[in-house]
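# predicted model and sequence follow; I will ask about them next.
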Amino acid sequence: MRARGQMRSASSSFDTVIRNGMIYDGTGNVAFRGDVAIKGDLIAAIGPDLEAGTMEIDATGYAVSPGFINMLSWGAESLIEDGRGQSDLRQGVTLEVFGEGDSIGPLTEKMKKEVVERQGDIKYDVKWTTLGEGLDYLVQQGVSPNVASFVGATTVRIHALGYEDRSASAQELAVMRDLVRQAMEEGAVGLGSSLIYAPAFYAPTEELIELAKVVGEYRGLYISHIRSEGSKVLEAIDELIRVAREAKVRAEIYHLKVAGKSNWYKLDHVITKIEAARHEGLQITADMYPYAASGTGLDAVMPPWVQEGGHEEWVKRLKDPDIRSRVEEEMCTPTDEWENMYLGTGPDNMVLAAFKSEELKPLAGKTLAAVATMRGKSPPQTAMDLVIEDDSRVGTIYFSMSEADVRRNAALPWVSFGSDAGCVSPEGVFMKTRPHPRAYGTFARFLGKYVHDEKVASLEDAVRRLTSLPAGNMKLKRRGMLETGYFADVVVFDPAKVRDHATFDKPAQYSTGVVHVLVNGVPVVKDGDHTKAKPGRVVRGPGWKGWV
C-alpha cells in the first residue's frame, strides 16, 4: 500500500529508508526530492537512490521534515497519565518542552505535597525531587515523544521563599542561583518565567537578571511570559530586553501577542522594538500559538496581592466580604499596576473551560457573564465564588486577540511555535476537561491554514521555524535538522492536506495530514495511527556534562 512500511532483507544497510519524498531539511533551503536512511537512532544518509532498508516507507507526494518542536508544552502531567502524547504526536511533534515559570523540579517536600493536593482529574505520586529526576521519571514510565524543560523561575522562588510578596534576601537569592545552576547541569535548556502570575509577579527585574546570569554561564536561554501582554506590553518587552542585555543571554518571548482590543494597535511597536534589539546584536526570539484566544485561569483577573501566600491563602481571602469588595473594585478599575485580564477581555469573552469539581463541570463552555446571570451575581463576584467552590484557579479561555495580529505574527521569521497545552487524547480522563483547541491543532493549523492556504510563509521557512529555529535557540545538539549524524526524529506529512479540526465548541479532535512520525528512529505514528511505541528520551541542554 502506498506510504506503508514494507519489510526487506535483514541484511539491508539501513534499518529504515524513507523514499521519494520532498525533503525539507529544516534549514529553510529549497526542498529537494530524495531518500532519508536511518540506522539505529540516527540519520545515516540523505540522497537519491539509497540502498534498501529493512523497512521502507514510500513518501511519494509527501513532505519529509525533522520532527517539530513544541516550545511551550504543559505535557508533563498528561504524559504521566498517557505516555503516547497523541494530540501532538499526530501533528508531527517529536519534542515537548516544559517549564513556563513552573517546572516539575526542583521541589521541596512541602512543594511535593502541594502538587498532590492541587491535582485535578489526573492523579499521581511525585517520586522525584530535582528537575533532572523528574524528566528521567517520565522517560522511565515510557513516553512516545522526547522531553526537555526549562527550570521555572517561579519554582525556584517558591523553593527559596515561598509565596511571599517581597524581594529575595541575599541568602535566598544565592539559594535560587544554586538551584538554577543545579538544574542547568542536569540538562535544563534555560530559565522560564511567567511574570503576570503570583508569586512570579513579586520578583523584581534584578532577581531575574541574577538568575539569568547563571543560565548564561551554561549558554542557556531565558524565556518569559512577559509581565504584560496588554496595556504595558511595550514596557514588559523592555524588561525582557534588559534581562538579555545585562545577563548576556539569549531571550525569547512566550506566546507573542497583544491582548485587549484597545491595545491591538501596539503590535507595530512590539515588532519594531524586538527587531531593533535584534539589530543591536541581542538574540531575541518569540514563539506563538495560531489562535486569537488564550487560555489560563481566573487568577489572571484578580490582583496579585490577594494571591500572596499561595492558593489556600487566596481562597481564604476570597471568603472575606471586605476583601471581596476590594477585589471587585480593582477588577473593574483600569490600572497599569498589574495585568488586568478581566477588563482587557470582558466577561462576555471569557469562556470557563476546566473545573475539578464534578458539580461544576457542566458550566464548562459557558461564559463568565452567562454564569453570573444564572447565579444572579456580578461577574467578579461569580469569578471569586467559582475559585472558592472549585478550590482551583478554574481554567478559562480568553478571547482577547486580533486575528490580523495572529496572521502577522505567524509570518515573522524569528517566531517558532508552542501549544501552551498538554498532549492529550479524546478518551478517558482527558474527556473530563474541556481543552483549548490548541492542544489538538497548533502545528497543523499553522501549516494548513496559515502556510498552505494563506501563504504567510513558504513551506521551507515554516519547517525551519518548527524545527531548527527552536533547536538552535535552545542549543540542542543534533536535533532540528535532517542531516547525517543527527537523531532520527522525522515527520512525513501531506502539505496539501494537513489540517486542524479542533474547534472551541468541539476541541477534542485530532488533526490530520501527518502520515508517519519517527522518534529516535522508531516509528511512533504509521499511516496516521499510533504504533504504541514509546522511544522518547530526555533531551538535555548545553549545561549538561554529557551534552547530546
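Sure thing, it's come through.
# make it CA atoms for all contacts and neighbour counts henceforth
OK.
# what about the longest strand in this protein?
Longest strand in the chain by number of residues (criterion: DSSP state E): strand 14-23.
# helices or strands up against that strand?
Helices and strands touching strand 14-23, by 3 or more CA pairs under 8 Å, 6 or more residues apart in numbering; DSSP states H and E, are strand 32-39, strand 53-58, strand 63-66.
# go through those strands and pick out the most buried.
Highest mean neighbour count among the helices and strands packed on strand 14-23 (mean count of other CA atoms under 10 Å): strand 63-66, with a mean of 30.
# adjacent strands (with direction) for the longest strand of the chain?
strand 32-39 (antiparallel), strand 53-58 (parallel), strand 63-66 (parallel) (DSSP bridges).
# make CSV out of the helices and strands packed on strand 14-23 and add distance to Val147.
Output for the helices and strands packed on strand 14-23, formatted as CSV (distance: least, CA to CA, whole Å):
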stretch, distance to Val147
strand 32-39, 21
strand 53-58, 26
strand 63-66, 16
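# of all those strands, which lies closest to Gly216?
Closest approach to Gly216 among the helices and strands packed on strand 14-23 is made by strand 63-66 (27.5 Å; CA to CA).
# got a list of contacts for the closest one?
21-26, 463, 467, 480-482, 488-495 (CA atoms under 8 Å, 6 or more residues apart in numbering).
# would you pull up how far the helix or strand following that strand lies from the middle of the chain?
Per DSSP states H and E, the first helix or strand lying C-terminal to strand 63-66 is strand 68-70. Put simply, strand 68-70 sits 9 Å off its chain's centre (CA atoms, centre = their mean, to the nearest Å).
# then stretch 39-55?
That offset, for stretch 39-55, works out to 32 Å (CA atoms, centre = their mean).
# can you start the count at 6 instead of 1 from here on
Shifting the count to begin at 6 puts that one at stretch 44-60.
# for it, buried residues please.
Buried residues in stretch 44-60, defined by neighbour count with 16 or more other CA atoms under 10 Å: 44, 46-51, 55, 57-60.
# which of those lies closest to Ile163?
Once CA to CA is applied, the member of the buried residues of stretch 44-60 that ends up nearest Ile163 is Asp46, at 38.8 Å.
# pretty sure that closest one contacts Val527?
Yes: counting by CA atoms under 8 Å, Asp46 touches Val527, with 7.4 Å between them.
# where's Val248, which helix or strand?
helix 238-252.
# in that helix, which residues are buried?
Neighbour-count burial for helix 238-252 flags 238-239, 241-250, 252 (criterion: 16+ other CA under 10 Å).
# how about those residues, which pair is most distant?
Maximum pairwise distance among the buried residues of helix 238-252 (CA to CA): 21.0 Å, between Val238 and Ala252.
# for the nearest residue to Arg542 once chain neighbours are set aside, name its beta-bridge partners.
Among residues not flanking Arg542 along the chain, Asn151 sits closest, at 4.7 Å (CA to CA, 6 or more residues apart in numbering). Legend: beta-bridge partners of Asn151 under DSSP bridges are Leu100.
# OK, contacts around Asn151?
When contacts are counted by CA under 8 Å, 6+ apart, Asn151 touches 99-101, 524, 540-544.
# just Lys480 next, same as before
Neighbour list for Lys480: 194, 224-225, 546-547 [criterion: CA under 8 Å, 6+ apart].
# phi first, then psi, for Val522.
The phi/psi pair for Val522 (degrees, to the nearest 10) reads phi -140, psi 130.
# in this structure Ser154 contacts Gly106, no?
No: if you go by CA under 8 Å, Ser154 and Gly106 don't touch, sitting 10.7 Å apart.
# which of these two has more neighbours?
Shown here are Ser154 and Gly106; by other CA atoms under 10 Å, Ser154 has more neighbours (33 against 23).
# mind checking which helix or strand of the chain has the lowest mean pLDDT?
In the chain, the helix or strand scored least confidently by mean pLDDT, DSSP states H and E is strand 11-12, which has a mean of 41.
# now do the end-to-end distance for stretch 118-131.
Using CA to CA, to the nearest Å, the end-to-end distance of stretch 118-131 comes to 8 Å.
# actually stretch 318-337, sorry about that
22 Å.
# do stretch 449-459 as well
14 Å.
# check the offset of it from the chain's centre.
19 Å.
# and what of stretch 271-291?
In terms of CA atoms, centre = their mean, the gap separating the centre of stretch 271-291 from the centre of its chain is 21 Å.
# what of stretch 258-265?
Chain-centre distance of stretch 258-265: 13 Å, with CA atoms, centre = their mean.
# please apply the same query to stretch 168-181.
How far stretch 168-181 lies from its chain's middle: 27 Å, per CA atoms, centre = their mean.
# got the buried residues for it?
Across stretch 168-181, burial judged by 16+ other CA under 10 Å covers 168-170, 173, 177-178, 180-181.
# out of the residues you listed, which is nearest to Met346?
Among the buried residues of stretch 168-181, Asp170 lies closest to Met346 (CA to CA), at 20.5 Å.
# and that closest one, what does it touch?
Per CA under 8 Å, 6+ apart, neighbours of Asp170: 204, 207, 310, 313-314.
# can you tell me the SS state at it?
Per DSSP: H, G, I helix; E, B strand; the rest coil, the secondary structure class of Asp170 is coil.
# quick one: it and Trp133, what's the gap?
To Trp133, Asp170 is 28 Å away according to CA to CA.
# which residues touch the biggest helix by length in the chain?
With secondary structure taken from DSSP state H, the chain has its longest helix at helix 175-191. Residues outside helix 175-191 that contact it (CA under 8 Å, 6+ apart): 111, 135-137, 156, 161-162, 164-166, 195-196, 212, 215-216, 219-220, 223, 225, 545-550.
# can you pull the contacts of the residue lying closest to Asp107 once chain neighbours are set aside?
Among residues not flanking Asp107 along the chain, Gly157 sits closest, at 4.5 Å (CA to CA, 6+ apart). Residues in contact with Gly157, defined by CA under 8 Å, 6+ apart, are 104-108, 110, 196-198.
# ok, now with 6 Å
104, 106-108, 196-197 (CA atoms under 6 Å, 6 or more residues apart in numbering).
# can I take it that Lys361 is in a helix?
No: assignment of Lys361 by three-state DSSP gives coil, placing it outside any helix.
# tell me, how many residues neighbour it?
Counted with other CA under 10 Å, residues neighbouring Lys361 total 20.
# got phi/psi on the closest residue to Gly125 other than its chain neighbours?
Nearest residue to Gly125, sequence neighbours excluded (CA to CA, 6+ apart): Lys361, at 5.3 Å. Backbone torsions for Lys361, taken as degrees, to the nearest 10, come to phi -80, psi -40.
# how about Glu105?
Per-residue torsions, Glu105: phi -70, psi 90 (degrees, to the nearest 10).
# ok, and the closest non-adjacent residue to it?
Closest residue in space to Glu105, ignoring its immediate chain neighbours: Gly197 at 5.1 Å, by CA to CA, 6+ apart.
# same check, this time on Val524
Asp494 (4.5 Å).
# quick one, what contacts the residue most central in space within the chain?
The structure's the chain has its C-alpha centroid closest to Leu77; by CA atoms, centre = their mean the separation is 1.3 Å. By CA under 6 Å, 6+ apart, the contact set of Leu77 is 102, 423-425.
# I'd like to know how far it sits from Cys428.
For Leu77, the distance to Cys428 equals 11 Å [CA to CA].
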